[in-house]
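Dropping a prediction and its sequence here:
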Amino acid sequence: MLKIIIHILMHITIILTGITLSIGQSINGSTAINNCQITAVITKSDNNKNIMVRPGDLVQIELKVQGGTGYTWDIEKMNVDCFEIIKVESKYDVDEGAAGRPVTKIWKLKIRNKCDTPIKFILYRIWEGKEKAIDNFQIKFSVS
């Protein structure tokens, strides 16, 4: 029970503090964040793809959900020896109406070591549990 409460509080904190300006993308997919270059911006359309990266690369994963539904994207499986979570934030679409507008959850990850491993995300309501996830997203990284 305490684990669920902590998890909910973390998501509330991310939502309350995650209202940020969107980070622009350049044509070549490279964007500066904290003096590091993002080498790949990954979205739902990249589901089940294999992405080639190198140790030290910074990748950004963006997954959208309809606001007001209670659903959130969360990492279900990730090898912490291969990836370091640099930042997690939520960005609200400013072009949509106020209530129920889409929310993009953004993870910024640093590639740590050489490995071939997937990261799996699930879309679920925290109070219903991960076993009732309604969608998933997986991306495989080939680190050389």
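Perfect, I can see it now. This one's a predicted model, so the numbers in the text were calculated from it and none came from an experiment.

what sits opposite Lys105 in the beta ladder?
Beta-bridge pairing for Lys105 (DSSP bridges): Leu63, Ser90.

mind listing what it touches?
Under the criterion of CB atoms under 8 Å, 6 or more residues apart in numbering, the contact list for Lys105 reads Ile14, Glu62, Leu63, Lys64, Val65, Thr72, Trp73, Val88, Glu89, Ser90. C-betas here are computed from N, CA, C, even on glycine.

Then Met78?
Contacts of Met78 were listed using CB under 8 Å, 6+ apart, and they are Ile119, Lys120.

ok, it to Gly70 distance?
Between Met78 and Gly70 the distance is 23 Å, computed by CB to CB, to the nearest Å.

What is the burial count for Tyr124?
A total of 20 residues lie near Tyr124 under the criterion other CB atoms under 10 Å.

Compile the contacts of Lys105 into JSON lines and extend it with columns for neighbour count, pLDDT and distance to Glu131.
Below are the contacts of Lys105 laid out as JSON lines (neighbours: other CB atoms under 10 Å; pLDDT from 0 to 100; distance: CB to CB, whole Å):
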{"residue": "Ile14", "neighbour count": "16", "pLDDT": "36", "distance to Glu131": "22"}
{"residue": "Glu62", "neighbour count": "18", "pLDDT": "97", "distance to Glu131": "25"}
{"residue": "Leu63", "neighbour count": "20", "pLDDT": "97", "distance to Glu131": "19"}
{"residue": "Lys64", "neighbour count": "15", "pLDDT": "94", "distance to Glu131": "23"}
{"residue": "Val65", "neighbour count": "18", "pLDDT": "92", "distance to Glu131": "18"}
{"residue": "Thr72", "neighbour count": "20", "pLDDT": "93", "distance to Glu131": "15"}
{"residue": "Trp73", "neighbour count": "26", "pLDDT": "95", "distance to Glu131": "16"}
{"residue": "Val88", "neighbour count": "19", "pLDDT": "95", "distance to Glu131": "23"}
{"residue": "Glu89", "neighbour count": "16", "pLDDT": "94", "distance to Glu131": "27"}
{"residue": "Ser90", "neighbour count": "20", "pLDDT": "91", "distance to Glu131": "24"}
